[in-house]
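Asks: Have a look at this prediction, sequence included:
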Amino acid sequence: MILSKRERLIIAATLTVVALLVLDRYVLTPVLDWRAALEAHKQSLIGEVARAGDLLARQHQVGPKWREMVATGLKRDPAEADSQILHAVQNWSQEAGLKLTSVKPERLPDKRSLQEISFQAAGTGTMNAVSRFLWRIETAKVPIRIKDLQVGARKEGTDDLTLQVRLSTLYQAPPRPVAGGPSEADKATESTGGGK
């Protein structure tokens, strides 16, 4: 079968279009998709590096404050943390002239190394006493923060206020023993010579 020049051109054009479609579908599009995915991954890594750089830069600012918190008040024992904040809140309320009616601690179970204890405190006093009490909390060296605060008037038109505040503090949980490793009791026995 002899093809005319026109038929040969049509077949050549058709084969070229089919080859271009196959090339686009199986080579060009996957390469462009791969390149776009690489660019997205690159941007993600650049963002992570920037965040890590910010974290390292903040370490120089936060590091001294963290060491001060550990030295002045971050406890390892929850009972010590409870006691520290309860005494501090009572001292601050006495210094400010605020009459505390209740202070209730509550521990929230957590598996992180820094654990939180919340306190619900209520009291009455003047605007000056409330503001001095809150100022003492905000400028405290111990790790404490105000989570929730409500101030209301006991009697309209008087300087007699009620205060309800929810506070929280942190304590550093003791490290957990590694599974399969010696327990603290085993280590104590070995160090006193009670081992075999």
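Replies: It's in.

Asks: Which helix in the protein has the most residues?
Replies: When the chain is scanned for its longest helix (criterion: DSSP state H), the result is helix 29-72.

Asks: after that one comes which helix or strand?
Replies: Secondary structure here is assigned by DSSP states H and E; on that basis, the next helix or strand after helix 29-72 toward the C-terminus is helix 78-96.

Asks: Report how many residues lie close to the residue lying closest to Asp159 once chain neighbours are set aside.
Replies: By the measure of CB to CB, 6 or more residues apart in numbering, the closest residue to Asp159 outside its immediate chain neighbours is Thr126, 4.9 Å from it. C-beta here means a position set from N, CA and C on the backbone, and glycine is covered the same way. Residues contacting Thr126 under the criterion other CB atoms under 10 Å number 15.

Asks: now the one 10 residues further on
Replies: The number of residues packed near Arg136 is 18, by other CB under 10 Å.

Asks: Sticking with it, tell me its helix or strand.
Replies: According to DSSP H and E, Arg136 maps onto helix 127-138.

Asks: Report the distance from the longest helix of the chain to the chain centre.
Replies: Between the centre of helix 29-72 and the centre of its chain there are 16 Å (CA atoms, centre = their mean, to the nearest Å).

Asks: Same check on stretch 76-92?
Replies: 23 Å.

Asks: cool, stretch 86-97 as well?
Replies: 29 Å.

Asks: Quick check, Glu68 in contact with Lys141.
Replies: Yes: between Glu68 and Lys141 there is a contact at 7.3 Å, judged by CB atoms under 8 Å.

Asks: do you know how far Gly47 is from Val62?
Replies: Between Gly47 and Val62 the computed distance is 21 Å (CB to CB, to the nearest Å).

Asks: Provide the backbone phi and psi angles at Leu21.
Replies: In this entry, Leu21 is assigned phi and psi values of phi -60, psi -40 (degrees, to the nearest 10).

Asks: If I look at it, what pLDDT would I see?
Replies: Here the pLDDT value assigned to Leu21 is 91.

Asks: Quick one: neighbours of it, just the number.
Replies: 10.

Asks: okay, now the domains of the protein?
Replies: Listed domain ranges for the chain are 1-48, 78-172 (source: automatic domain parsing).
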